[in-house]
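**Student:** Sharing a model that was predicted from the sequence below.
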Amino acid sequence: MTRRPYIVGNWKMHGTRAMLSEARAIDRAAQRHMKVEVALAPPYTLIHPVHREAEQIAVGAQDCHDQDGGAHTGDISAAMIADAGAKFVILGHSERRQGHSESDALVRAKAQAALAVGLRIIMCCGESAEMRESGQAVAFVKRQLEASLPPADLMPADVAERLTVAYEPIWAIGTGTAATTDDIAEMHGVIRALLVELFGEEQGAEVRILYGGSVKPDNAAEIFAVPEVGGALVGGASLTVDSFMGIALAASEPFES
Ligand code: PGA
């Protein structure tokens, strides 16, 4: 990892104001691990409260709408989450692609909306178990990622600052079984090559590629040792300060030894 490792907690649909003390504890702990960039994506309702508490960590959202505003009952725009204090947004998570039928084209439109208001984006991609079993994982992820990212001419010049990619095989999310380091190495290598092809050597080589799917304190170190892994997108293990910062510590150790 050449850039600071990036460890992002995705709280999904977990967390009421009672969880603010956990967010505060994560923020305070992050101040002791400055070689790692720690961030948290709580539910919409906690973005502003966490933002107000946080001194170190960036706060983000787990989704946004592709339109600036209008008659979209129940939806939240990129400008609204930015106004609430979000600095980034996770887009194209498989739980949204599956649970809300989000297409690659819609995810791309959301990415453009988020970038337009100055947010950073974490673009998720990942194959299903069936895709992997049938040997189509690499082709699928390449196609999905390219179709979900805005084309290069619509990306800001500082692509590597604004874009992070998260590889999250669907079969590894929330199952307790992470992908093997060989599988992660292969897919991250493929994603790196695609990013360089799309955005050029200078920017494409610097975009951080996170791994997500059952990352825990006890498997984090081996995952972070894989080439082209720039950090992790963490679901279940981000809900408590102990497990989340255990992962952050695994990311900081090679630099502190
Ligand atoms: P998990 O979720 O860490 O609970 O597997 C990861 C994610 O969906 O971002």
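**Tutor:** Ah, there it is.
**Student:** Break down the stretch 151-257 of the chain into its helices, ranges please.
**Tutor:** Using DSSP state H, counting those that start in this stretch, the helices of the stretch 151-257 of the chain run over residues 159-162, 181-204, 217-224, 241-256.
**Student:** What are the buried residues along the first one?
**Tutor:** What it means is helix 159-162. Of the residues in helix 159-162, 159-160, 162 count as buried by neighbour count, 16 or more other Cβ atoms under 10 Å. Bear in mind the C-beta positions are built from the backbone N, C-alpha and C, glycine included.
**Student:** With respect to the ligand, which of those is nearest?
**Tutor:** Within the buried residues of helix 159-162, the smallest distance to the ligand is 19.8 Å, found for Arg162 (Cβ to the nearest ligand atom).
**Student:** My guess is that closest one contacts Val117. True?
**Tutor:** No: using Cβ atoms under 8 Å, Arg162 is not in contact with Val117; the gap is 11.5 Å.
**Student:** Tally up the residues packed near Asp104, please.
**Tutor:** Asp104 has 17 neighbours, counted by other Cβ atoms under 10 Å.
**Student:** so who does it touch?
**Tutor:** Taking Cβ atoms under 8 Å, 6 or more residues apart in numbering, we find Asp104 in contact with 92, 144, 147-148.
**Student:** mind redoing it with 10 Å?
**Tutor:** Neighbour list for Asp104: 92, 97, 125, 143-149 [criterion: Cβ atoms under 10 Å, 6 or more residues apart in numbering].
**Student:** Do a quick rundown of the helices in the stretch 1-150 of the chain.
**Tutor:** Along the stretch 1-150 of the chain, the stretches classed as helices by DSSP H, counting those that start in this stretch are 20-30, 44-53, 78-83, 94-99, 104-116, 129-133, 137-148.
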